[in-house]
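> Okay, here's the prediction I keep looking at, along with the sequence it came from:
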Amino acid sequence: MTMTLKDIFKKFEDEVVRLMVRNKEYIEANNGLGWNVDLFDIRRIGAVRNFSLVKSFIKAQHLENQRDLWNTTVDLLNDSVVLDREVIEELKVDCFKELENLNNTILQLHTQKTTTVKGNAEKANKPDTTVKGNAKKAKKANKPDAKFNWQGSQTELVYLIEKLYEQGFLSPISQPEKHWLTAQHFTVKGKNLNQKNLTNTRRNSLNTKKGKPKRGEKIEQIISDAKKQNP
């Protein structure tokens with residue numbers, strides 16, 4: 001029988017529970033020896049270590065299927081009644097990092113497929129015309145420290161990102177992944193962003209009756225003009 005992601009995740013949870021029970025029993029049995037052990041740390045270490053079951057399964061699948069599998073894993077983590085909330089958040093961050101690595105890999109593969117080397121050997125070896133050069137540029141552009149410095153407010157940035165996805169300028173992804181990638185690639189007036197704060201900004205500022213920031217109309221107009229130029 002073919003194993004699915006949910007099967008693997010269930011196996012991961014079962015292993016975490018097994019380790020929790022075993023370690024709890026061991027600690028209780030040796031309590032008289034004066035041990036001072038944090039049971040939460042033991043559960044956390046066990047969960048992080050055994051999460052490799054899920055990661056290995058996803059990475060063994062076709063590249064084009066991995067994005068959906070990582071997003072599904074985030075949903076499974078959110079719904080888990082076995083794991084501590086702190087552990088869930090830590091593992092979700094791991095998932096978002098894997099998603100970013102996946103995006104970079106797909107971008108580099110796309111660059112390699114679509115770039116053709118033209119001209120003589122001298123032109124072919126120029127960084128701007130070789131597959132290797134373009135791949136390096138793509139990798140450099142996606143480094144976490146190469147960030148766009150947004151000069152508006154955080155609310156305006158969140159609104160802009162939402163509108164870009166809404167209007168089809170960016171490929172659809174999950175809401176947590178949007179905030180993760182925004183935090184990785186943007187700063188606001190030189191200040192780093194936090195995924196949790198971006199989530200709260202969207203919920204508190206955009207899910208209102210007006211549903212847009214102060215300069216929301218200007219952002220909408222810019223996106224509308226861009227869409228007219230590229231229907």
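Nice, thanks for sending it over. Numbering: from 1, shown residues only.
> so the nearest residue to residue 6 once chain neighbours are set aside is in which element?
Sequence neighbours aside, residue 76 is the residue nearest to residue 6 in space, at 7.1 Å (criterion: CB to CB, 6 or more residues apart in numbering). All C-beta atoms are positioned from the backbone trio N, CA, C, and that covers glycine. Residue 76 belongs to helix 63-79 when assigned by DSSP states H and E.
> got the angle between the following helix or strand past that helix and helix 63-79?
Note on helix 63-79: by DSSP H and E, the next helix or strand toward the C-terminus is helix 85-114. Calculated by axes from the mean of the first three to the mean of the last three CA atoms, to 10 degrees, helix 85-114 forms an angle of 170 degrees with helix 63-79.
> Any buried residues in helix 85-114, and which?
By neighbour count on 16 or more other CB atoms under 10 Å, the buried set for helix 85-114 is 87-88, 90-92, 94-96, 98-100, 102-103, 108, 111.
> which residues sit in contact with the most centrally placed residue in the chain?
Centre of the chain computed as the mean C-alpha position; nearest residue by CA atoms, centre = their mean is residue 96, 2.4 Å away. Residues counted as contacts of residue 96 (CB atoms under 8 Å, 6 or more residues apart in numbering) are 74, 176-177, 180, 195.
> Give me the buried positions along stretch 57-71.
Within stretch 57-71, the residues that count as buried by 16+ other CB under 10 Å are 57-58, 66-67, 69-71.
> Strands - which of the contacts of residue 96 land there?
Per DSSP state E, strands hold no members of these.
> Of those residues, which is the nearest to residue 11?
Checking the contacts of residue 96 against residue 11 with CB to CB, the nearest one is residue 74 at 18.0 Å.
> Would you confirm that that closest one contacts residue 94?
No: Residue 74 is beyond contact range of residue 94, at 10.1 Å (criterion: CB atoms under 8 Å).
> Overlap in contacts, these two.
In contact with both residue 74 and residue 94: no residue, using CB under 8 Å, 6+ apart.
> So if we follow the domain assignment, how does the chain break up?
Residue ranges for each domain of the chain read 5-111, 144-229, as given by automatic domain parsing.
> In a markdown table, list those domains along with mean pLDDT.
As requested, the domains of the chain are exported to a markdown table (pLDDT from 0 to 100):
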| stretch | mean pLDDT |
| --- | --- |
| domain 5-111 | 83 |
| domain 144-229 | 81 |
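> who's in contact with the residue nearest to residue 6?
Residue 76 neighbours (CB under 8 Å, 6+ apart): 5-6, 9.
> Quick check: the gap between residue 93 and residue 196.
Per CB to CB, to the nearest Å, residue 93 is found 11 Å from residue 196.
> residue boundaries of the strands in the chain?
148-150, 186-188, 191-192.
> hey, which of those is tucked in deepest?
strand 186-188 (a mean of 18; mean count of other CB atoms under 10 Å).
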